[in-house]
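>>> predicted structure and sequence below. I'll ask about it afterward.
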Amino acid sequence: MGLKRGPWTTEEDQILVGYINRYGHANWRALPKQAGLLRCGKSCRLRWMNYLRPDIKRGNLTKEEEDSIIRLHERLGNRWSAIAAKLPGRTDNEIKNVWHTHLKKLVGPNMASKDSQRKTPHRSMVKKKKVSPETGHDTAKLVSVSPEQSYSDFSSCATDSSTASAEISDSAVGAKDETCLAEELRDIDEKFWLETLAMADSAASMDIITTLEISPPPAAAVTDHFNLLSSSNGDDMDFWMEIFMRSGDLQELSQI
DNA sequence: AACAGATTCAACCGCATTCCA
DNA sequence: CTGGAATGCGGTTGAATCTGT
């Protein structure tokens, strides 16, 4: 289509930065044409988000940042954008690259293999994990996916739950047929939700939620767990993510 | 100095989600 | 409700660079 690809030149960068500084980036698709760039909107967005944004930190990650990434990855899996959101000035792409080039090696072979198993902790699956009014589970969705998908999805959702480490061994994953595995996952899944929600229900958790300034916790969040689960939408994701993370902290603390 | 293999990281690709008519 | 466009995300690729022989 006559669009340029490959590395960006300094001139292109200047044009893009100049245009965005002046007009913003309300419409990425229209932006390159209006700015006079022979790039697709997607490419412009990526260049801006990962490289040209003024708030991007340059240089190597600090030890603290690396530790944070390792901790967050342990809890969130390969949800790079979620991890990046906790590290101001760092991009999801950068964190992903750093993980694959440095940090994966640091955390050791066990975690590394866990990482490869985890594969795509897909956000769609996280969202689809709505609770059916009758059964409390979206069974059809779980049964229809492959064992690998089910496991990676599960681990991404429940990475930090103690039940998440109610391990499904490699061999088990390989050996079980899809139906058996789906049933097992449903059991674990239910346990996970109950535990997580129980955490949210406790006064201690509410204190933490308050002090964390999670904004704003849905009014029904604690009083009506399952109704909320079945009606939860994207706006609540940050809230739930904090709950997942905090519940992990609470469990770690209780073990200590 | 020359080469091969390893590493790094910007950019691309495909897919899911969100938005809107 | 539906379908198409726009956006965002995570996995992958490949050129540039580094390192070891």
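On my side now, so go ahead. Quantities reported herein were computed from a predicted structural model and do not represent experimental measurements.
>>> contacts for stretch A:39-55, please.
A:3-5, A:8, A:12-13, A:16-17, A:20, A:25, A:27-32, A:35, A:37, A:56, A:88-89, A:91, A:93-94 (C-beta atoms under 8 Å, 6 or more residues apart in numbering). C-beta here means a position set from N, CA and C on the backbone, and glycine is covered the same way.
>>> what about that stretch, how long is it end to end?
Taking C-alpha to C-alpha, to the nearest Å, stretch A:39-55 runs 23 Å from one end to the other.
>>> please name the nearest non-neighbouring residue to A:Gly2.
A:Leu38 (6.8 Å; C-beta to C-beta, 6 or more residues apart in numbering).
>>> so the one you found touches A:Leu3, yeah?
Yes - counting by C-beta atoms under 8 Å, A:Leu3 is a contact partner of A:Leu38 at 5.6 Å.
>>> higher neighbour count, the two?
The neighbour comparison of A:Leu38 against A:Leu3 (other C-beta atoms under 10 Å) goes to A:Leu38, with 13 against 10.
>>> mind listing what that one touches?
So A:Leu38 contacts A:2-4, A:32 (C-beta under 8 Å, 6+ apart).
>>> just the buried subset of these, please.
A:Pro32 (16 or more other C-beta atoms under 10 Å).
>>> can you convert the contacts of A:Leu38 into a markdown table and add a column each for distance to A:Leu103 and pLDDT?
Listed next are the contacts of A:Leu38 as a markdown table, based on distance: C-beta to C-beta, whole Å; pLDDT from 0 to 100:
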| residue | distance to A:Leu103 | pLDDT |
| --- | --- | --- |
| A:Gly2 | 40 | 74 |
| A:Leu3 | 35 | 85 |
| A:Lys4 | 33 | 89 |
| A:Pro32 | 34 | 92 |
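>>> nearest to A:His100, of the contacts of A:Leu38?
A:Lys4 (27.4 Å; C-beta to C-beta).
>>> picking up where we left off before, SS state for the residue nearest to A:Gly2?
When classified by DSSP: H, G, I helix; E, B strand; the rest coil, A:Leu38 comes out as coil.
>>> do you know how far it is from DNA strand C?
17 Å (C-beta to the nearest atom of the strand, to the nearest Å).
>>> A:Leu61 now?
17 Å.
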